[in-house]
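In: need coordinates for the following:
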Amino acid sequence: MRKIAEQIFLAGVEHVLPDRLIAQQVNREGSLLHIAGRTYPLSPDGRVYVLAAGKAAALMAKETENIMGDLITDGLVVTKYGHGSMLSRLTLTEAGHPLPDAAGVEATRRMLALARRAEKDDLVICLISGGASALMADVPEGATLDDLTQASDLLVRCGADISEINTVRKHLSGVKGGQLAKVATPATVITLILSDVIGDPLDVIASGPTAPDSSTFADALTVIGKYALGDRFPAMLLDHLRRGAAALLPETPKPGDPVFSHVYNHIVGSNRLALEAAARRAGELGFEAHIITDALQGDYSVVTDFILHTIEEAPYQNLAKPLCLLFGGEPTLQVSGTGLGGRNQHLALRLATHIDSAREITILCAGTDGTDGPTDAAGAVVDSRTLPDARKKQVDAFDHLSRFDSYHFFQQAGGHIITGNTRTNVMDMVVVLLPVPGP
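Out: All right, here's what the predicted structure looks like:
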C-alpha cells in the first residue's frame with residue numbers, strides 16, 4: 001500500500017510538470033500566439049522578452065524557447081539552486097530559496113533592467129511559479145540583504161499563511177505586487193502561472209509581480225503585529241513599512257490602474273490538476289477515488305483532525321473496492337523546536353500517532369516540488385505499523401513530534417518519500433488508502 005500511495009502521488013506530480021503544461025497551453029502559428037484559449041498577435045516591429053522566476057521556471061522557460069524559437073530577443077530565468085536546465089536563448093541564474101541571497105538580488109536587478117527596455121510594440125512573457133517571491137529578491141533603500149534574509153526567516157517560521165507572508169514581501173519590494181508589470185509598461189505582458197496557492201489568487205502567487213495588489217502597507221504592519229514580530233523585525237524594514245503606511249512611499253498598483261491595461265495573467269497549472277491525475281491513476285489501480293479538497297490549509301493540527309474525521313466518515317464498511325481519498329493544499333507549521341523536518345513529514349508523523357492499529361490505513365503526505373522544509377525528502381508515508389515498528393527500533397514518535405524532528409524520525413523508522421527535485425510546484429498532496437474490509 002505504501003508503494004501504491006507513492007505511485008498515485010507521482011502520477012499527480014507528472015501531470016503538472018512545467019514543460020508539459022506550457023506545451024499544452026501555448027502554441028505559435030506564424031505571427032499569432034495562442035495561450036490558454038486566447039490569441040495574441042505578434043507585432044512585426046516588436047521584440048520578445050522572457051522573464052521567468054520560481055522553482056519550475058527553468059522547465060517553463062525551456063519549453064517556451066522551443067515554442068518561440070528565434071523570436072526571443074532576450075530574457076532571464078532565476079530558479080532555486082539545483083533546479084536549473086540547459087537553455088539556449090535565455091540566461092539562467094540559480095539563487096537562494098526560501099531565504100533570498102545575493103544571486104537573487106542580482107538576477108532581479110537584471111530582470112527589472114530588461115523589463116525597462118520594453119516598448120509599446122514589444123511583448124514580455126513572464127513565467128511564474130512557486131518560490132518566485134523569494135527568488136525575485138530586492139532590498140528597500142537603506143536596508144541590507146541580511147535584513148531581508150532575517151525578515152524572510154521570521155515570516156516563514158512564525159506560522160503566517162502565504163497570503164500574509166506575501167503581503168509583507170510585496171511592500172518591501174520594487175518588483176512584487178504588480179510592480180514588474182508597471183516597470184514593463186507600455187509593453188504587452190503575458191504571464192503564465194503555475195499556482196502554489198490555494199484558490200489560485202493572482203495577487204498572492206509569487207507575490208503577484210504582474211497582478212493588481214489589493215493589500216497595503218498598513219496590511220503588512222498588521223501581519224507584523226499579529227505574529228508579534230515587531231521587536232525582532234529588522235528596524236530598517238519596519239521603518240520602510242511605517243513610512244509607506246504614512247503615505248510617504250508610493251503604494252503598489254491597485255486594481256483599475258492603467259498599468260494593467262495590456263497585462264494578461266493565465267493560470268496554466270494548479271493543485272486541482274494534480275489531484276485529478278492522481279485520482280485517475282488510483283482508478284486504474286482498482287481504487288474508488290475521491291478528491292476531498294484542494295484547499296487544505298490552517299495549522300497542521302487542525303488539518304490532522306480534518307483528515308482523520310474524513311477517514312472516520314468514509315463508508316468503510318460498504319466498500320466494494322479499496323478507497324482512495326485525496327487532499328491538496330498547504331498546511332502551516334509554527335516551528336518551536338530545534339529538530340529537522342517540514343510540514344509534510346510533521347503532518348504524517350502526527351497522523352501516524354492517531355491511526356488505529358486495527359485498521360489498515362495508509363497515508364502519504366508530500367510536497368509536489370520534491371522538497372519538504374530544508375530536507376531532501378518530499379514527505380513521508382505512514383500506516384498502522386509505523387509506530388509499532390518504530391518502538392522496536394527504540395524510536396520515540398512523540399519525542400520527535402515535540403522537538404519538530406520528523407525528518408530524523410523517518411530517517412530511523414523508515415517511510416520517507418524521496419523523489420528528488422521534481423521541478424514543479426503546486427503545493428502538497430495527501431493520499432489516504434483504505435482497503436476493503438475482510439469478512
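In: use CA for all of it now, contacts and neighbours both
Out: Will do.
In: list the buried residues in stretch 251-269.
Out: The neighbour-count check on stretch 251-269 (16 or more other Cα atoms under 10 Å) flags 251-254, 259-260, 263-269 as buried.
In: out of these, who's nearest residue 149?
Out: residue 252 (21.7 Å; Cα to Cα).
In: the residue lying closest to the closest one once chain neighbours are set aside in helix, strand or coil?
Out: Leaving aside its sequence neighbours, residue 252 sits nearest to residue 177 (Cα to Cα, 6 or more residues apart in numbering; 5.8 Å). Using DSSP: H, G, I helix; E, B strand; the rest coil, the structure places residue 177 in coil.
In: confidence score at residue 177?
Out: Predicted confidence (pLDDT) for residue 177: 98.
In: hmm, residue 205 and it touching each other?
Out: No. Taking contacts as Cα atoms under 8 Å, residue 177 lies outside contact range of residue 205: 9.9 Å.
In: so which of those two has more stuff around it?
Out: residue 177 (35 against 27; other Cα atoms under 10 Å).
In: any idea how far that one is from residue 407?
Out: 35 Å (Cα to Cα, to the nearest Å).
In: ok, residue 5 next?
Out: The value you get for residue 5 to residue 407, if Cα to Cα is used, is 19 Å.
In: ok, the two, which is more surrounded?
Out: It is residue 407, of residue 5 and residue 407, that has more neighbours when counted by other Cα under 10 Å, with 29 against 21.
In: name the SS class of the nearest residue to that one once chain neighbours are set aside, please.
Out: If the residues on either side of it in the chain are set aside, residue 407 comes closest to residue 341, at 4.5 Å by Cα to Cα, 6+ apart. Judged by three-state DSSP, the three-state class of residue 341 is coil.
In: picking that back up, any chance of the buried residues of stretch 251-269 in TSV, plus distance to residue 326 and pLDDT?
Out: Shown next, in TSV, are these (distance: Cα to Cα, whole Å; pLDDT from 0 to 100):
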residue	distance to residue 326	pLDDT
251	40	98
252	37	98
253	38	98
254	36	98
259	40	97
260	37	98
263	35	98
264	32	97
265	28	97
266	26	96
267	22	96
268	21	95
269	18	95
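In: what's the closest of the residues you listed to residue 184?
Out: Distance to residue 184 across those (Cα to Cα) is lowest for residue 259, with 8.7 Å.
In: from residue 213, how far off is the closest one?
Out: Applying Cα to Cα, the value for residue 259 to residue 213 is 12 Å.
In: what is in contact with these two at once?
Out: residue 253 (Cα atoms under 8 Å, 6 or more residues apart in numbering).
In: thought residue 157 was touching residue 332?
Out: No. Residue 157 is not in contact with residue 332 according to Cα under 8 Å; the separation is 9.3 Å.
In: between those two, which one's more packed in?
Out: Legend: neighbour count by other Cα under 10 Å for residue 157 and residue 332, higher for residue 332 (24 against 13).
In: what bridges to that one?
Out: Taking DSSP bridges as the rule, residue 332 bridges to residue 299.
In: list the contacts for it?
Out: If you count contacts by Cα under 8 Å, 6+ apart, residue 332 has them with 159, 160, 161, 297, 298, 299, 300, 343.
In: filter the residues you listed down to the buried ones and express that as a ChimeraX selection.
Out: Applying 16+ other Cα under 10 Å to these, the buried members can be selected in ChimeraX as follows:
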select :159,160,161,298,299,300,343
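In: and of the contacts of residue 332, the nearest to residue 288?
Out: Nearest to residue 288, judged by Cα to Cα, of these is residue 297 at 24.6 Å.
In: nearest spatial neighbour of that closest one, skipping sequence neighbours?
Out: Using Cα to Cα, 6+ apart, the closest residue to residue 297 is residue 331 (4.4 Å).
In: before we move on, what about residue 9?
Out: Per Cα to Cα, 6+ apart, closest to residue 9 is residue 278, 6.1 Å.
In: helix or strand: which one has the one you found?
Out: If you go by DSSP states H and E, residue 278 is part of helix 271-284.
In: what's the burial count for residue 335?
Out: So residue 335, with other Cα under 10 Å, has 17 neighbours.
In: so who does it touch?
Out: Going by Cα under 8 Å, 6+ apart, residue 335 touches 157, 158, 159, 404.
In: out of those, which one has the weakest pLDDT?
Out: Out of the contacts of residue 335, that is residue 159, at 82.
In: quick one: contacts for it?
Out: 227, 299, 332, 333, 334, 335.
In: just checking, the fourth one touches residue 344?
Out: To tie it back to what came earlier, the one meant is residue 333. No. Residue 333 is beyond contact range of residue 344, at 9.4 Å (criterion: Cα under 8 Å).
In: neighbour count winner among the two?
Out: residue 344 (31 against 22).
In: so the more buried one is in which element?
Out: Using DSSP H and E, residue 344 falls in helix 343-352.
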